[in-house]
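S.K.: Any chance you can model this:
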Amino acid sequence: MTLSIRAALPDDAATIVRFITELAIYERAEHEMKADESMIRDTLFGDRPHAHALIARKDDQPIGLAVYFFNYSTWLGHRGLYVEDVFVTASARGQGAGLALMQALARIAVDNNCPRFDWQVLDWNQPAIDFYDAIGALPRKEWLSYRLEGEALKQFADSGDAS
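M.R.: Prediction:
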């Protein structure tokens with residue numbers, strides 16, 4: 001078995017959508033999946049990409065994906081790396097692709113002078129939690145995630161009078 005990690009290319013858009021869909025199904029959120037190939041091409045490979053992606057390949061076949069972007073810490077005065085998704089297709093799990101993707105992300109963080117990289121995991125995803133514990137990552141138990149979306153976001157935006 002030959003395992004490799006490479007930067008995603010525009011021709012990977014269909015594969016990326018397939019992996020994101022598989023991830024949404026695994027996370028019990030398939031109904032929330034809206035991205036299509038056109039959106040992926042625009043947001044990952046357009047003139048001003050919003051994020052970046054890596055593809056894990058085994059014997060020249062795509063088996064996994066990582067999507068990441070750079071954020072910023074005012075406290076550190078540095079950008080950081082945020083991982084939006086890490087996914088390995090079910091048939092390829094346990095063969096080192098997840099570890100290779102996370103190591104590639106860590107290398108990108110270090111090479112870009114990022115003092116940290118962050119991600120989230122669903123509290124019921126024990127295999128992922130165990131994996132992250134095994135690589136030395138620490139949970140951030142003191143922080144809660146919040147989100148405004150959809151109509152609540154629009155209503156809140158419209159409720160202010162700042163111009």
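S.K.: can you tell me the helix or strand for residue 16?
M.R.: helix 13-26 (DSSP states H and E).
S.K.: okay, and for the protein, where does confidence drop off?
M.R.: The chain contains residues with pLDDT under 70 at 162-163.
S.K.: Show me the helices in it, by range?
M.R.: In the chain, the segments counted as helices under DSSP state H are 13-26, 37-45, 97-111, 126-134, 150-159.
S.K.: sorry, back to before: list the helices and strands the helix holding residue 16 packs on?
M.R.: helix 37-45, strand 52-58, strand 61-73, strand 78-88 (3 or more Cβ pairs under 8 Å, 6 or more residues apart in numbering; DSSP states H and E). Using the backbone N, CA and C atoms, a C-beta is placed for each residue, glycine as well.
S.K.: Now do the first one: which elements does it pack against?
M.R.: This means helix 37-45. helix 13-26.
S.K.: ok, residues contacting the helix it packs on?
M.R.: 8, 30, 32-33, 35-37, 40-41, 44-45, 53, 55, 62, 64-65, 67, 85, 87, 89-90 (Cβ atoms under 8 Å, 6 or more residues apart in numbering).
S.K.: ditto for stretch 29-46
M.R.: Stretch 29-46 is contacted from outside by 8-10, 13-14, 16-17, 20-21, 24, 49-53, 67, using Cβ under 8 Å, 6+ apart.
S.K.: For residue 148, state which of the residues you listed is nearest.
M.R.: residue 50 (18.5 Å; Cβ to Cβ).
S.K.: Does the closest one touch residue 69 like I think?
M.R.: Yes. Residue 50 is within contact range of residue 69, at 6.5 Å (criterion: Cβ atoms under 8 Å).
S.K.: ok, back up a step: tell me how far the helix holding residue 16 is from the chain's mean position?
M.R.: Helix 13-26 has its average C-alpha position 12 Å from the chain's average C-alpha position, going by Cα atoms, centre = their mean, to the nearest Å.
S.K.: Same check on stretch 89-108?
M.R.: From the chain centre to the centre of stretch 89-108 is a distance of 12 Å (Cα atoms, centre = their mean).
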